[in-house]
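A.B. asks: take this sequence and fold it.
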Amino acid sequence: MTTDHIHTLASLMQPTRLDAIILNPGPGLLGLTGLQFHLMERPTLFLVGRDGRAAMILSALEEGKAKAGLPGLACYTYGDNPATWGETIRAALLAFQPKLSVVGVESARMRYLELAYIQQALPGVTVLSADAQLSALRLHKDAAAIDQMRQAVRIAECAFTETLHILRPGITERAVAGELAAQMLRLGSEAELPFPPIVASGPNSANPHAVPSERVLQAGDLVVIDWGAAYSGYFSDLTRTVAIGKLDAELYTIYDAVKAANLAGREAGRPGVTCGAVDAAGRAVITSAGYGQFFTHRIGHGLGLEAHEEPYMFGESTQVLEEGMVYTVEPGIYLPGKGGVRIEDDMVVTADGAVSLSTLPRELITIPA
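C.D. replies: Residues are numbered from 1 along each chain as shown. Below is the predicted model:
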């Protein structure tokens, strides 16, 4: 990400009321600049004006990092005494642009800490969401971003394959999740994963967002494993479901239905098709199998610098897929008290279709009981 992206963001402000966009550390800042800062007790603010100028307000100890990432960036710094931070921020905002009456922020990321300093420095300022402008920058991935996501997928897939070796009756969900996370780090994932791995066995697999527990894997279990790796700031997000020994007949039935729904969802994607149509394609398979009420979530979501971002793949969405968009296809069936199945792949829209970045088999893997 370069100054070109900053100028693009400035152009996206032109039809709006925004005088500037102010970001704190997070995916918006990373996607815009390539700068990766952590949220901490010290406020960090990145400013972009309508005219394309950019500046940063941050601790003096971080100035070198900012200027190495963006040479020539104007930096306003403060020291260790929190009593001085408010005045530094006020002076920096006024120096950057004497009249800032409307500013945009990343609504899911701006903290009260930074927001309070902005409001104290700019009495009467109007704060609006800049999510639409920031999303527009990230919605279409270029070839470099797709390559990085492909690498994140490769790391995740290799880690899963290595982790399969420890699956057996008697091992806990938590132990499997820990091994999977460790394997991703060994294989080159960044430490900040998109989310902690989900490992849910038996009745727990009927909870789509279960937290790994001390429950031990048992013969007859389905085990839903949902995980992702990170590479150069970009994420992967995959799910596979594994059998421990022989299953109840209905569990085989729902597995086959989800596998068919995954295929239908993957095949439905292409430029010009709505996100809602992709959801409908997969959902129709599960509904026709008689399990529609047990498919309790959308078929997928966008993927990139966040585990969940646009485009969102839900039934009512009229957003049209375009080349370079990346999203998941993850249908599921969840039978309370019995078990669940989910199969998830990462898709990228091409000029004439959509291809899967993920290559793991979708056939049911059975671990001997």
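A.B. asks: where does this protein have low pLDDT?
C.D. replies: 1-2 (pLDDT under 70).
A.B. asks: now do 50
C.D. replies: 1 (pLDDT under 50).
A.B. asks: helix, strand or coil for the residue most central in space within it?
C.D. replies: For the chain, the residue nearest the mean C-alpha position is Ala307 (1.3 Å; CA atoms, centre = their mean). Per DSSP: H, G, I helix; E, B strand; the rest coil, the secondary structure class of Ala307 is coil.
A.B. asks: quick thing: my sequence starts at 32, can you match it?
C.D. replies: I'll keep to 32 as the first residue from here, and by that count the last item is Ala338.
A.B. asks: which residue ranges of the stretch 182-331 of the chain form strands?
C.D. replies: Under the criterion DSSP state E, counting those that start in this stretch, the stretch 182-331 of the chain contains strands at 229-232, 253-258, 261-262, 265-266, 269-275, 331-333.
A.B. asks: closest one to Thr318 among the ones you listed?
C.D. replies: Closest of the strands of the stretch 182-331 of the chain to Thr318 is strand 331-333, at 17.0 Å (criterion: CB to CB). C-beta: built from backbone N, CA, C; applies to glycine.
A.B. asks: which one, of the strands of the stretch 182-331 of the chain, ends up nearest to Ser160?
C.D. replies: Smallest distance to Ser160 across those (CB to CB): 17.4 Å, for strand 331-333.
A.B. asks: can you name the next helix or strand after the closest one?
C.D. replies: Remark: after strand 331-333, the chain's next helix or strand is strand 340-344, criterion DSSP states H and E.
A.B. asks: what are the boundaries of the helices in this structure?
C.D. replies: Taking DSSP state H to define them, one finds helices in the chain at 34-44, 58-64, 94-100, 116-127, 143-152, 162-169, 174-194, 204-217, 280-299, 306-319.
A.B. asks: want to throw the ones you listed into CSV with mean neighbour count and distance to Val379?
C.D. replies: Shown next, in CSV, are the helices of the chain (neighbours: other CB atoms under 10 Å; distance: least, CB to CB, whole Å):
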stretch, mean neighbour count, distance to Val379
helix 34-44, 17, 20
helix 58-64, 23, 17
helix 94-100, 14, 27
helix 116-127, 17, 38
helix 143-152, 16, 34
helix 162-169, 18, 14
helix 174-194, 20, 6
helix 204-217, 20, 21
helix 280-299, 20, 11
helix 306-319, 21, 13
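A.B. asks: redo the strands of the stretch 182-331 of the chain as a markdown table? Include distance to Met180.
C.D. replies: What follows is the strands of the stretch 182-331 of the chain, written out as a markdown table (distance: least, CB to CB, whole Å):
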| stretch | distance to Met180 |
| --- | --- |
| strand 229-232 | 20 |
| strand 253-258 | 15 |
| strand 261-262 | 8 |
| strand 265-266 | 5 |
| strand 269-275 | 12 |
| strand 331-333 | 11 |
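A.B. asks: just send the ones you listed back as a markdown table, with mean neighbour count too.
C.D. replies: Shown next, in a markdown table, are the strands of the stretch 182-331 of the chain (neighbours: other CB atoms under 10 Å):
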| stretch | mean neighbour count |
| --- | --- |
| strand 229-232 | 27 |
| strand 253-258 | 26 |
| strand 261-262 | 22 |
| strand 265-266 | 28 |
| strand 269-275 | 23 |
| strand 331-333 | 24 |
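A.B. asks: Glu354 contacts Leu170, correct?
C.D. replies: No: using CB atoms under 8 Å, Glu354 is not in contact with Leu170, being 10.9 Å away.
A.B. asks: circling back: any chance of the helices of the chain in JSON lines, plus distance to Leu388?
C.D. replies: Converted to JSON lines, those look like this (distance: least, CB to CB, whole Å):
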{"stretch": "helix 34-44", "distance to Leu388": "23"}
{"stretch": "helix 58-64", "distance to Leu388": "19"}
{"stretch": "helix 94-100", "distance to Leu388": "27"}
{"stretch": "helix 116-127", "distance to Leu388": "40"}
{"stretch": "helix 143-152", "distance to Leu388": "35"}
{"stretch": "helix 162-169", "distance to Leu388": "17"}
{"stretch": "helix 174-194", "distance to Leu388": "5"}
{"stretch": "helix 204-217", "distance to Leu388": "16"}
{"stretch": "helix 280-299", "distance to Leu388": "11"}
{"stretch": "helix 306-319", "distance to Leu388": "16"}
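A.B. asks: do you know which of the ones you listed lies nearest Asp376?
C.D. replies: Using CB to CB, the nearest of the helices of the chain to Asp376 is helix 280-299, at 6.2 Å.
A.B. asks: contacting residues for the residue nearest to the centre of the chain?
C.D. replies: Contact analysis of Ala338 by CB atoms under 8 Å, 6 or more residues apart in numbering lists Pro225, Phe226, Gly259, Phe266, Asp268.
A.B. asks: now it: how far from Thr203?
C.D. replies: 24 Å (CB to CB, to the nearest Å).
A.B. asks: also Glu354?
C.D. replies: Distance from Glu354 to Thr203, by CB to CB: 44 Å.
A.B. asks: before we move on, what about Gly155?
C.D. replies: Taking CB to CB, one finds Gly155 at 55 Å from Thr203.
A.B. asks: and the two? which has more neighbours close in?
C.D. replies: For Gly155 versus Thr203, the count of surrounding residues by other CB atoms under 10 Å is larger for Thr203: 16 against 6.
A.B. asks: in the sheet, who's paired with that one?
C.D. replies: Applying DSSP bridges to Thr203 yields these beta-bridge partners: Val247.
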